[in-house]
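Undergrad: quick one: sequence and predicted model below, then my questions.
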Amino acid sequence: MTRKQVSIWPILILGLLAALIPGRGWAAPASDSPVIHILYFYSTECPHCRAVEREILEPLKAQYPNRLDIRYLEIGDPTAYELLVRTEEYFRVAPEKRGLPTVVVGDRILIGEEEVRQQLPCLVEKCLAETGADFPPIPGIREMLEGVGNFPSYPGLSVEPGGVGICTAEEASACAVGAPIWMAYFYQVGCQECSRAEADIRYIRQRYPQLIVEEFNIYEHAALAQWLAERVGRTDFHTPAIFVGEDALIGEREITPQNLQALMEKYATTGAPKVWADFNPEMGLAGVLERFRALGPLTVFLAGLADGLNPCAFATLIFFIAYMAAGGYRGRQVLAMGSAFTSGVFLAYLAVGLGFYKVLDLLGDILTMVGRWLYGLTALFCLVLAVISFLDFLKARRGRMEEMTLRLPDRLKKQARAVVRRGQRVSAYVLGAFVTGLLVSLLELACTGQLYLPTIIFVVSMPALRARAVAYLLLYNLAFILPLIVVFALTYFGTTSVQLGIFLQKRTAAVKLGTAAVFLVLAVWLGVSLALS
């Protein structure tokens, strides 16, 4: 045996002993390896949550085995939801900023699919490169997560989940857990804020099983909504809205678990009657009619015009304009596509006003999910166009017009014009513009109208005032599409005016810079709208 062979044995023996020590195999990370503790709040009804789990969390766990301690907290569990509420309080999340999924890593909170996608991978990498990340110091968090003791509840939340059944409107007399608390909840189809309000209500119902909730679609119950709002002295009604006893919570800023908890404490002993049982439909109808008669054409027109200035429709419209400009479409082709898109928007709102909202109500969360995807994709598209336009500005300023990106080569321009002359593809794009206008309008429905549109829609169903209501509905819709008409008219004029074309060609750099600014503003506008939804 050589000296070199003898020196190997101590190493082999030490390695064998290390492998035999329980819990200390080579596959496990060293004791000083940083670990990241992550809180992940989600809902089984949230499609964005499923996407985050499948496309973000699972790949991260595979990339960093034994380094990520992810706690999955489904907010259908009252305790998990309570932890989410305390987490939002700890990080001082504004009510309108709340959302799902929510991910907590150390001293950072990420809300919504986009934030998680953009920031979580880099945040994990940064924490692993340092000292890991512990759970935030929220009171009671370790006891709940480790199963030792009970997670502290809010004062008054003494009812244990599963101890008793939850009261329902159909079986209110069977409730034996205290005086019933009746709540009227008003929602609107596709309303992002309504989704979180409903999660808050589900949580409170599990803690207060005597709470009985009746839900009302604002389009069908505008008279009741106005009657309840006037009853408690509120003139700022919009969805989501909650009425309990002599109190009301209106909008996402007011409908929070804390405010709902305060309401429950107020009525826990005495209960809250079903105040809308005293609602006289004839008197309520009189109130709606009075409001309707007070609207006037100018008010309806201005309401439609204000609602028509929404970012998603504009961004989609500019997408078509940018595509047609790059593809060599001019004059009548621009006019045809603009008319199709605008007609789709107009007919969608007209259909909703005439009763199609009942079909939308069946779609539920599908509209919400598609709407968020449309916002996100359009914002990304606008951001890309902003960058390309700015690069074209730099090229134009240096006199290199032929190198600009948003400009087709002459050969492709000739092919595009030949296609236009033959009438091919143009009809398909016109049809696509019409369908897109329809879809965008349906997705934007929850962001429009306040109580004006619901009031008009409600009165449309009344034979005596149907003609006037339909006229107001048409006026509202015309005002709604007016901004789109102006944009397309300017685009049509810009593609047919020789003088304007010469003027713009001489100032290509300035035009490109202005275009970049417009796309950037649209991207920010859409991004903010998405973050607040």
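TA: That came through, no problem.
Undergrad: surely E88 is in contact with E96?
TA: No. Because the distance of 11.8 Å does not satisfy C-beta atoms under 8 Å, E88 is recorded as not touching E96. The way it works is simple: take the backbone N, C-alpha and C, and place the C-beta from them, glycine included.
Undergrad: the more surrounded of those two?
TA: The residue with more neighbours, out of E88 and E96 and counting by other C-beta atoms under 10 Å, is E88; that gives 22 against 14.
Undergrad: what helix or strand does the more buried one sit in?
TA: Element membership for E88 (DSSP states H and E) is helix 78-90.
Undergrad: same check on R468?
TA: Taking DSSP H and E as the definition, R468 sits inside helix 466-496.
Undergrad: what average pLDDT does that helix get?
TA: Helix 466-496 shows a mean pLDDT of 76.
Undergrad: does the nearest residue to H221 once chain neighbours are set aside belong to a helix or a strand, and which?
TA: With sequence-adjacent residues excluded and distances taken as C-beta to C-beta, 6 or more residues apart in numbering, H221 is closest to F186, at 7.0 Å. Per DSSP H and E: F186 is located in strand 181-187.
Undergrad: which outside residues touch that strand?
TA: With contacts defined as C-beta atoms under 8 Å, 6 or more residues apart in numbering, strand 181-187 is touched by 194, 197-198, 201, 208, 210-218, 221, 224-225, 228, 239-245, 264, 267-268, 271-276.
Undergrad: and with 7 Å instead?
TA: Under the criterion C-beta atoms under 7 Å, 6 or more residues apart in numbering, residues 194, 201, 208, 210-218, 225, 228, 239-244, 264, 267, 271-274, 276 lie in contact with strand 181-187.
Undergrad: same deal with stretch 198-206?
TA: The contact list for stretch 198-206, computed with C-beta under 7 Å, 6+ apart, reads 43, 75, 78, 81, 161, 166, 185, 211, 213, 255-257, 260-261, 264.
Undergrad: and if you look at stretch 239-252?
TA: Residues outside stretch 239-252 that contact it (C-beta under 7 Å, 6+ apart) are 95-96, 181, 183-188, 191, 193-194, 196-197, 218, 225, 228-229, 232, 234, 236-238, 255, 259, 263, 267, 272, 275.
Undergrad: what comes up buried for that stretch?
TA: Applying a neighbour-count criterion of 16 or more other C-beta atoms under 10 Å, the buried positions in stretch 239-252 are T239, P240, A241, I242, F243, V244, G245, A248, L249, I250, G251, E252.
Undergrad: could you dump those into JSON lines and include distance to C49 and pLDDT?
TA: Written out in JSON lines, the entries for these read as follows (distance: C-beta to C-beta, whole Å; pLDDT from 0 to 100):
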{"residue": "T239", "distance to C49": "23", "pLDDT": "83"}
{"residue": "P240", "distance to C49": "21", "pLDDT": "88"}
{"residue": "A241", "distance to C49": "26", "pLDDT": "93"}
{"residue": "I242", "distance to C49": "25", "pLDDT": "96"}
{"residue": "F243", "distance to C49": "30", "pLDDT": "97"}
{"residue": "V244", "distance to C49": "30", "pLDDT": "97"}
{"residue": "G245", "distance to C49": "34", "pLDDT": "95"}
{"residue": "A248", "distance to C49": "31", "pLDDT": "96"}
{"residue": "L249", "distance to C49": "26", "pLDDT": "96"}
{"residue": "I250", "distance to C49": "27", "pLDDT": "93"}
{"residue": "G251", "distance to C49": "24", "pLDDT": "87"}
{"residue": "E252", "distance to C49": "19", "pLDDT": "84"}
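Undergrad: give me the subset of these lying in strands.
TA: Among those, the members found in strands (DSSP state E) are A241, I242, F243, V244, A248, L249, I250.
Undergrad: do you know how far the third one is from N66?
TA: Between F243 and N66 the computed distance is 51 Å (C-beta to C-beta, to the nearest Å).
Undergrad: quick one, strands of the stretch 1-150 of the chain?
TA: Ranges of strands in the stretch 1-150 of the chain, per DSSP state E, counting those that start in this stretch, are 36-42, 68-74, 102-105, 108-111.
Undergrad: and the angle from the first one to strand 68-74?
TA: For the pair strand 36-42 and strand 68-74, the angle between their directions (axes from the mean of the first three to the mean of the last three C-alpha atoms, to 10 degrees) equals 20 degrees.
Undergrad: can you dump the C-alpha coordinates of strand 36-42 into PDB?
TA: These are the backbone C-alpha positions of strand 36-42, laid out as PDB (Å, rounded to 0.1, in the frame of the first residue of the first chain):
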ATOM      1  CA  ILE A  36     -36.700  31.800   1.600                       C
ATOM      2  CA  HIS A  37     -40.000  31.700   3.500                       C
ATOM      3  CA  ILE A  38     -42.900  32.700   1.200                       C
ATOM      4  CA  LEU A  39     -46.600  33.400   1.900                       C
ATOM      5  CA  TYR A  40     -48.800  32.700  -1.000                       C
ATOM      6  CA  PHE A  41     -52.400  33.800  -0.800                       C
ATOM      7  CA  TYR A  42     -54.700  32.500  -3.500                       C
END
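Undergrad: which helices and strands does it pack with?
TA: Helices and strands touching strand 36-42, by 3 or more C-beta pairs under 7 Å, 6 or more residues apart in numbering; DSSP states H and E, are strand 68-74, strand 102-105, helix 113-129.
Undergrad: need those in a markdown table with mean neighbour count and mean pLDDT, can you?
TA: Formatted as a markdown table, the entries for the helices and strands packed on strand 36-42 read as follows, by neighbours: other C-beta atoms under 10 Å; pLDDT from 0 to 100:
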| stretch | mean neighbour count | mean pLDDT |
| --- | --- | --- |
| strand 68-74 | 17 | 91 |
| strand 102-105 | 24 | 95 |
| helix 113-129 | 17 | 89 |
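Undergrad: compare those and give me the one nearest V334.
TA: Nearest of the helices and strands packed on strand 36-42 to V334, taken as C-beta to C-beta: helix 113-129 at 32.6 Å.
Undergrad: and that closest one, what does it pack onto?
TA: Counting contacts by 3+ C-beta pairs under 7 Å, 6+ apart, helix 113-129 packs against strand 36-42, helix 47-52, strand 102-105, strand 108-111.
Undergrad: all good on my end, thank you.
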